[in-house]
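>>> Fold the following and give me the result.
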Amino acid sequence: MKRPDLSHPDAPGIRLALCQVETVPFDLEGNLERLRQALREAAAQGADLALTPECVLHGYGFAQDPVETRERLAAAAQRSDGPVLEDLRDLCRSLSLPALIGFAEDGGNGQFHNAAALVRADGSLAYVYRKVHLRPFEDARRNGPFTAGDRFFSASLSFGGESYGIGTMICFDREVVESVRCLRALGADLVLCPLATNTTDIRNAEVCDNEMVTRVRACENEVFIAVVNHAARYNGGSFAVGPGGQVLHVCGAGPAVDLVRLPLSASRDLHRDPYGWMGFGYRRPDVYRPYLDGKEET
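Presented below is the predicted three-dimensional model:
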């Protein structure tokens with residue numbers, strides 16, 4: 001099968017708003033107001049769905065001392081059923097705009113999660129994803145502030161009479177092969193990826209690294225992937241790629257709300273083929289399992 005063709009102008013899809021918000025570490029009130037402005041701008045531009053950066057509410061900040069980081073995070077972290085998320089859900093409902101909102105979640109019992117809430121257009125929660133793969137400086141098991149999640153999610157959202165699977169991963173998750181594989185298996189057509197790290201130009205194969213990995217993940221799983229970074233402090237560079245690794249849009253470094261059209265019917269059509277483009281239907285999990293579980297004898 002040939003590389004997926006995304007050129008048809010009438011192919012069903014959505015208008016995704018890449019809300020590249022400028023944040024200040026632990027400035028909950030300021031970040032919240034800038035986020036609200038970005039969501040209003042996305043709605044004004046006619047977006048069908050909005051994506052925000054990793055931990056946009058507290059700005060993905062770390063203090064010099066791990067104890068101070070946890071203390072400051074405790075003051076900024078939010079419960080998924082708390083007033084700040086309720087306020088944002090109300091805003092999404094008033095704008096009729098679904099959105100993925102990154103935040104530090106207060107999980108109770110002194111645990112915090114690097115989380116993202118998928119809010120439907122009616123303000124209800126589709127799911128709250130908690131980052132599964134944590135680098136050492138993030139991981140509570142290694143004196144970091146966050147406790148890892150243990151589930152992936154994909155939810156079906158309807159746009160213009162068409163339904164698509166919307167999955168989520170966060171930043172470092174994309175560097176682990178199984179993340180997008182699991183989301184693809186859950187039926188995701190589009191994977192939303194909040195980010196907080198410096199980026200390189202995805203159009204320059206000689207210098208890009210994580211960006212190149214993201215294109216590969218999109219190809220091997222026949223999905224669209226959209227990545228949204230913080231503006232300025234983490235140099236922006238948010239982008240969207242297609243199921244053939246096509247670069248569909250790249251943001252600049254500053255604050256922005258950029259709209260990109262994603263013909264999601266292309267990934268849905270690939271998934272209807274039992275074998276797809278990159279061989280998803282040829283997989284043999286029974287063969288892989290002993291190796292992945294570390295039980296295969298050498």
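
>>> OK, contacts around Gly167?
Neighbour list for Gly167: Phe152, Phe153, Ser154, Leu183, Leu186, Ala188, Leu190, Val191, Leu192, Val223 [criterion: CB atoms under 8 Å, 6 or more residues apart in numbering]. No exception for glycine: its C-beta is placed from N, CA and C like everyone else's.

>>> Could you save these as a markdown table and add columns showing pLDDT?
Below are those laid out as a markdown table (pLDDT from 0 to 100):
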| residue | pLDDT |
| --- | --- |
| Phe152 | 98 |
| Phe153 | 98 |
| Ser154 | 98 |
| Leu183 | 97 |
| Leu186 | 96 |
| Ala188 | 96 |
| Leu190 | 98 |
| Val191 | 98 |
| Leu192 | 98 |
| Val223 | 95 |
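
>>> Walk me through which strands the host helix or strand of Val191 pairs with, and which way each runs.
Assigned by DSSP states H and E, Val191 falls within strand 190-194. Strand pairing for strand 190-194, determined by DSSP bridges: strand 162-168 (parallel), strand 224-228 (parallel).

>>> right, and the helix or strand after the last one?
If I follow you right, that is strand 224-228. Counting by DSSP H and E, what follows strand 224-228 is strand 239-241.

>>> Just give the strands next to that next one in its sheet, each with its orientation.
strand 224-228 (antiparallel), strand 247-250 (antiparallel).

>>> returning to that earlier point: how about whichever helix or strand comes after the strand holding Val191, which residues are buried there?
As assigned by DSSP H and E, the chain's next helix or strand after strand 190-194 is helix 210-221. For helix 210-221, the neighbour count (16 or more other CB atoms under 10 Å) marks Asn210, Glu211, Met212, Thr214, Arg215, Arg217, Ala218, Cys219, Glu220, Asn221 as buried.

>>> Then stretch 101-117?
Here stretch 101-117 shows 101-107, 112-117 as buried, counting by 16+ other CB under 10 Å.

>>> cool, stretch 156-168 as well?
Leu157, Phe159, Tyr164, Gly165, Ile166, Gly167, Thr168.

>>> Could you export the residues you listed as TSV, including pLDDT and distance to Gly82?
Below are the buried residues of stretch 156-168 laid out as TSV (pLDDT from 0 to 100; distance: CB to CB, whole Å):
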residue	pLDDT	distance to Gly82
Leu157	97	24
Phe159	94	28
Tyr164	95	29
Gly165	97	28
Ile166	98	23
Gly167	98	24
Thr168	98	20
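
>>> With distance to Cys92 added, can I get these in TSV?
TSV is the format used below for the buried residues of stretch 156-168 (distance: CB to CB, whole Å):
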residue	distance to Cys92
Leu157	12
Phe159	15
Tyr164	18
Gly165	19
Ile166	14
Gly167	19
Thr168	16
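
>>> State the pair within these that is farthest apart.
Phe159 and Thr168 (16.9 Å; CB to CB).

>>> now Asn114, what's its secondary structure?
Look at Asn114: counting by DSSP: H, G, I helix; E, B strand; the rest coil, its state is strand.

>>> ok, back up a step: which of the contacts of Gly167 fall within helices?
Leu183 (DSSP state H).

>>> Generate a ChimeraX selection restricted to the buried entries among the contacts of Gly167.
Listed next is the ChimeraX selection for buried residues among these, using 16+ other CB under 10 Å:
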select :152,153,154,183,188,190,191,192,223
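
>>> can you tell me which residues contact Leu183?
With contacts defined as CB under 8 Å, 6+ apart, the neighbours of Leu183 are Phe152, Ser154, Gly167, Thr168, Met169, Val191, Asn221, Val223.

>>> wait, which of these is closest to Ala75?
Taking CB to CB as the measure, Ala75 lies nearest Thr168 of these, at 25.5 Å.
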